[in-house]
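J.: mind folding the following:
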Amino acid sequence: LTFSLPDVCDALKLMSGKENVKLPDAVAQDLAEKSNRNLRQASLALEVMYVQHGALAEGTKVKLPQWEVEVMDVAGSILKTQDPKTLLKARSKFYELLAHCIPAETILRRLLLELLPKLDTAIKGDVVYWAAFYEHRMQLGSKQIFHLEAFVSKVMLIIKKHVMALFM
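T.: Down below sits the predicted model:
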């Protein structure tokens, strides 16, 4: 079920009103956008912001959840260097995320969404194919870390081959 930005903003305003919390329109809009119109994520982020800041002012910055920041870091590392050290770093971050009960499918999906806008159009199809492939394998298997690591390895290989082909 997908809500529009105004729907999410209205719901956040309604929730904050019932809790006697003043929520500026700009902050509600920012929350709705950063949560990708996910009402559950937006309401959790609103609660976290209120606990951290107390009264919400017009310029209050919306912070992403730490697990998303970690996945963005992995995506940046993959794009920057394609080597075993990067793969090892990604694996340790994945272990940490899985240990904090972030579902492997969610990690994979967020990683893909972070990578796609930054990839060359020529390789986007391959990356999406392999994301679907490894997500399916995750459903069938028991060790999710292996599938996450295999996806990162495959993406690094695709990027490396593409870059090498450009210079040949």
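
J.: need the residue closest to the centroid of this protein.
T.: Central residue of the chain (C-alpha atoms, centre = their mean): Arg110, 3.4 Å from the mean position.

J.: wait, doesn't that one sit right on Glu68?
T.: Yes: contact criterion C-beta atoms under 8 Å: Arg110 and Glu68 qualify, at 6.2 Å. Bear in mind the C-beta positions are built from the backbone N, C-alpha and C, glycine included.

J.: name the residues of stretch 28-47 that are buried.
T.: Neighbour-count burial for stretch 28-47, counted by 16 or more other C-beta atoms under 10 Å, picks out 28-32, 34-35, 37-39, 41-43, 45-46.

J.: can you list contacts of that stretch?
T.: 2-5, 7-9, 11-13, 15-16, 23, 49, 61-65 (C-beta atoms under 8 Å, 6 or more residues apart in numbering).

J.: for stretch 62-79, same thing?
T.: 27, 30-31, 34, 41, 45, 48-49, 86, 89-90, 93-94, 96-97, 100, 102, 107, 110-111, 114-115, 118-119, 152, 155-156, 159.

J.: apply 6 Å and report the result again.
T.: 30-31, 34, 86, 90, 93, 97, 102, 110-111, 114-115, 118, 155-156 (C-beta atoms under 6 Å, 6 or more residues apart in numbering).

J.: lowest pLDDT pick from those?
T.: By pLDDT, Lys34 ranks lowest within the contacts of stretch 62-79, coming in at 88.

J.: mind checking how far the strand or helix carrying the residue nearest to the centre of the chain is from the chain centre?
T.: Assigned by DSSP states H and E, Arg110 belongs to helix 104-115. From the chain centre to the centre of helix 104-115 is a distance of 6 Å (C-alpha atoms, centre = their mean, to the nearest Å).
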